[in-house]
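Student: The sequence and its predicted three-dimensional model are supplied below.
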Amino acid sequence: MSTTSHPVPVVVNWHLTEACNFSCRYCYAHWERAESIKDLIREEHQVRALVTELGRFFRSDEAARKFGFQGVNPRLNIAGGEPLLFPSALQTAIHQARRLGIRASLITNGSFLTEELCESLAPGLDMLGVSIDSGNVDTNNLIGRVDSHGRLLNLDSLSRSFKVLRRCNPALAVKLNTVVNRLNWQDDLSNVVDLVEPEKWKILRALPLVDQSTSVTDIQFQAFVARHAAYRSIAVVEDSQDMQESYIMVDPQGRFFQNSPYSVGYQYSQPILEVGAEKAFEQVNFDPERFLSRYSKEAGDAT
Ligand code: SF4
């Protein structure tokens with residue numbers, strides 16, 4: 001790995017589970033299962049240990065020297081799957097992060113975001129991201145954003161939950177994530193964006209490596225972006241090319257992983273809690289230059 005020394009905040013994305021109530025066709029939240037290793041959410045002491053080790057490593061001199069991370073204030077970004085299926089493990093991770101002075105954020109599909117849960121989550125979070133690809137019932141059904149009982153995300157109830165979140169933590173930033181794919185590229189998401197009122201709207205492109213049939217052409221992707229030009233000031237557009245080797249990602253079993261363009265599927269490290277974060281991080285391809293260039297475009301927010 002090459003080295004660099006820009007001062008950047010560091011976002012570590014921990015995919016706490018691959019379980020989800022939805023089944024989006026382009027979902028990439030599937031990881032190789034090592035029989036001998038259990039998901040860390042089964043043991044809350046393991047959750048605490050992982051957060052502690054990540055915080056130690058990403059604030060260490062070695063991480064700054066070897067990988068160019070001068071970010072002494074990493075952010076733990078908890079994603080899935082759907083993390084709110086495991087509220088207890090999620091709260092443990094957030095509490096541990098805050099205890100150690102590490103900022104925390106959450107990515108959710110929003111379907112379990114009750115007002116009660118928002119009250120308990122809001123104080124511990126710097127940012128909450130909600131992933132919504134369409135406000136259209138048919139499109140959501142086609143994408144697979146529907147549970148086994150046929151339930152879709154209820155946008156009215158989500159709107160009420162966001163009011164609670166903002167009341168309980170006025171400093172909390174709300175982000176909207178949208179994956180542009182073959183099924184929604186013609187949609188107009190203005191009503192969704194107006195309802196969520198995000199500080200940032202991340203527009204991502206479906207990764208062709210997951211499901212070729214849901215990927216979009218350059219022209220389709222750009223047409224979606226152009227249709228929403230009114231939201232230019234909050235939009236962060238991310239083409240799949242930008243995503244290769246430029247996220248720091250940990251899977252449910254506590255391994256770093258990367259989606260390298262040079263190999264099929266993911267590349268995994270050994271479990272972080274077995275070998276330590278430094279050794280594990282050296283075992284996956286990570287491109288610091290690409291990471292830093294994306295950070296500079298996004299004002300420090302990686303997810
Ligand atoms: S909501 Fe997210 S985690 Fe769940 S299936 Fe869809 S993309 Fe995957």
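Tutor: Sure thing, it's come through. Numbers count the residues shown, from 1 in each chain.

Student: Which parts of the chain are helices?
Tutor: 44-58, 61-67, 87-99, 115-121, 137-143, 155-168, 190-196, 218-227, 240-243, 272-275, 277-282, 288-298 (DSSP state H).

Student: can you list these in TSV and add mean pLDDT, distance to residue 257 and mean neighbour count?
Tutor: Any C-beta I mention is one placed from the backbone N, CA and C, and that applies to glycine too. As requested, those are exported to TSV (pLDDT from 0 to 100; distance: least, Cβ to Cβ, whole Å; neighbours: other Cβ atoms under 10 Å):
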stretch	mean pLDDT	distance to residue 257	mean neighbour count
helix 44-58	96	14	19
helix 61-67	84	16	16
helix 87-99	96	18	19
helix 115-121	95	26	17
helix 137-143	96	24	16
helix 155-168	95	30	16
helix 190-196	96	29	16
helix 218-227	96	25	14
helix 240-243	57	13	15
helix 272-275	97	11	17
helix 277-282	94	10	19
helix 288-298	62	15	17
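
Student: of all those helices, which lies closest to the ligand?
Tutor: Ranking the helices of the chain by distance to the ligand, with Cβ to the nearest ligand atom as the measure, places helix 137-143 first at 7.8 Å.

Student: Just the CA atoms of that closest one, as CSV, please.
Tutor: Extracted C-alpha coordinates of helix 137-143, given in CSV (Å, rounded to 0.1, in the frame of the first residue of the first chain):
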residue,chain,number,x,y,z
VAL,A,137,-45.0,1.2,-4.5
ASP,A,138,-44.5,-0.8,-7.8
THR,A,139,-40.9,0.2,-8.1
ASN,A,140,-40.2,-0.8,-4.4
ASN,A,141,-41.9,-4.2,-5.0
LEU,A,142,-39.8,-4.8,-8.1
ILE,A,143,-36.6,-3.9,-6.4
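
Student: Give the buried residues for stretch 66-84.
Tutor: Using 16 or more other Cβ atoms under 10 Å as the test for burial, stretch 66-84 gives 67-69, 71, 74-84.

Student: Within reach of the ligand, which of these are there?
Tutor: 80, 81, 82 (Cβ under 6 Å from any ligand atom).

Student: Distance of the residue lying closest to the second one once chain neighbours are set aside relative to residue 37?
Tutor: In this case it means residue 81. What sits nearest to residue 81 in space, not counting adjacent residues and going by Cβ to Cβ, 6 or more residues apart in numbering, is residue 17, at 4.0 Å. With distances taken as Cβ to Cβ, to the nearest Å, residue 17 is found 14 Å from residue 37.
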